[in-house]
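Participant: Got a sequence here, can you build the structure:
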Amino acid sequence: MVVAALTVLHWASLAAATPSRQRSQDRRALSTVLQTPGVILMGVTTALLTAIQVGILVFLFPLYLLTHAGLDPNAVGTVVSLSVLGRLMALWLGGTLSDRWGRMSVLIPGLLVYALLLAGTSRLTGPVLLGVCSFAIGATAGFVAAVPTALTSDQVAPPLQGIAIGWIRTMSDSGQIVGPLVMGALADAVDLSAPFLMGAALLAGTAWQCRRQARVTAAANAEGGGNL
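Facilitator: As a prediction, the model looks like this:
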């Protein structure tokens with residue numbers, strides 16, 4: 001903690017020593033990034049994916065398996081590990097297919113399938129079906145995990161890509177903080193299955209927003225091509 005405090009103080013002193021002109025340029029660069037079509041949406045999508053990963057799959061899913069499904073700790077560990085295995089196996093696949101088919105063509109169906117699996121899991125109690133769904137959820141989460149970052153990098157100019165990736169990482173870290181707090185409170189207030197349904201609804205809503213953004217981008221590209 002002492003080292004962390006000293007590090008923060010060092011950064012603060014560096015920030016204070018930074019010329020006001022440089023800080024103004026940094027703010028303008030961030031503003032330019034955030035005004036780029038789709039960047040804010042991809043930040044929100046990243047935050048949501050991280051919030052579900054940490055707040056539901058890491059935090060509440062093992063508790064659900066223990067209390068609602070009645071699995072012993074060894075079985076809980078096995079089912080949860082299947083989710084991680086699925087995620088690892090699908091990470092490279094999602095990135096590769098998004099390079100080949102287009103970012104939104106991978107992201108939108110992936111979010112919808114993720115929503116269906118998340119909602120369906122909250123109704124299961126059998127260990128075999130839970131294991132299958134856990135693997136599928138992990139695979140779907142890994143399938144879409146890299147797409148928002150890749151899409152954001154595609155949208156912004158090369159000199160601003162570092163700032164854009166920093167924005168995405170900030171939103172991801174925000175999801176890690178907010179996810180457990182919100183999902184845990186929802187589970188206490190309603191039921192342990194409620195966060196799964198809420199996460200599914202948010203994923204479906206995000207997929208709809210991504211579809212709208214894809215249509216706007218396609219229309220703008222078509223109009224730009226017609227003017228050339």
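Participant: which element is the residue nearest the centre of the chain on?
Facilitator: Residue closest to the average C-alpha location in the chain (C-alpha atoms, centre = their mean): residue 49, at 2.5 Å. Element membership for residue 49, per DSSP states H and E: helix 39-52.
Participant: Now do that helix: which elements does it pack against?
Facilitator: helix 103-121, helix 127-145, helix 147-155, helix 161-189, helix 194-227 (3 or more C-beta pairs under 8 Å, 6 or more residues apart in numbering; DSSP states H and E). Backbone N, C-alpha and C define where each C-beta goes, glycine included.
Participant: which one of the ones you listed lies closest to residue 82?
Facilitator: helix 127-145 (4.3 Å; C-beta to C-beta).
Participant: Pull out the buried residues from that closest one.
Facilitator: By neighbour count with 16 or more other C-beta atoms under 10 Å, helix 127-145 contains the buried residues 127, 130-145.
Participant: and it, how far out from the chain's middle?
Facilitator: 15 Å (C-alpha atoms, centre = their mean, to the nearest Å).
Participant: follow-up on the earlier one: who touches the closest residue to the residue nearest to the centre of the chain other than its chain neighbours in this structure?
Facilitator: Among residues not flanking residue 49 along the chain, residue 145 sits closest, at 6.4 Å (C-beta to C-beta, 6 or more residues apart in numbering). Contacts for residue 145 (C-beta atoms under 8 Å, 6 or more residues apart in numbering) come out as 49, 87, 91, 94.
Participant: Quickly note the distance from the closest residue to the last one other than its chain neighbours to residue 137.
Facilitator: Just to be clear, that refers to residue 94. Nearest residue to residue 94, sequence neighbours excluded (C-beta to C-beta, 6+ apart): residue 143, at 3.9 Å. Relative to residue 137, residue 143 is positioned 10 Å away (criterion: C-beta to C-beta, to the nearest Å).
Participant: and if you look at residue 189?
Facilitator: From residue 189 to residue 137 the distance is 24 Å (C-beta to C-beta).
Participant: Ok, residue 157 next?
Facilitator: The value you get for residue 157 to residue 137, if C-beta to C-beta is used, is 36 Å.
Participant: Residue 149 too?
Facilitator: 20 Å.
Participant: Ok, residue 44 next?
Facilitator: For residue 44 relative to residue 137 (C-beta to C-beta), the value is 21 Å.
Participant: Also residue 65?
Facilitator: 13 Å.
Participant: buried set for stretch 99-109?
Facilitator: So, applying 16+ other C-beta under 10 Å, buried residues of stretch 99-109: 103, 104, 106, 107, 108.
Participant: Skipping its backbone neighbours, what lies nearest the fourth one in space?
Facilitator: The reference is to residue 107. residue 147 (4.5 Å).
Participant: Which residues are in contact with the one you found?
Facilitator: 94, 95, 98, 103, 106, 107, 110.
Participant: So residue 44 is in contact with residue 171, correct?
Facilitator: Yes - the pair residue 44 and residue 171 qualifies as a contact (C-beta atoms under 8 Å) at a distance of 6.9 Å.
Participant: out of those two, which sits in the more crowded spot?
Facilitator: residue 171 (21 against 17; other C-beta atoms under 10 Å).
Participant: tell me the contacts of that one?
Facilitator: Contacts of residue 171 by C-beta under 8 Å, 6+ apart are 43, 44, 46, 47, 50.
Participant: before we move on, the earlier item: compare the helices and strands packed on helix 39-52 and report which one is nearest to residue 36.
Facilitator: helix 147-155 (5.1 Å).
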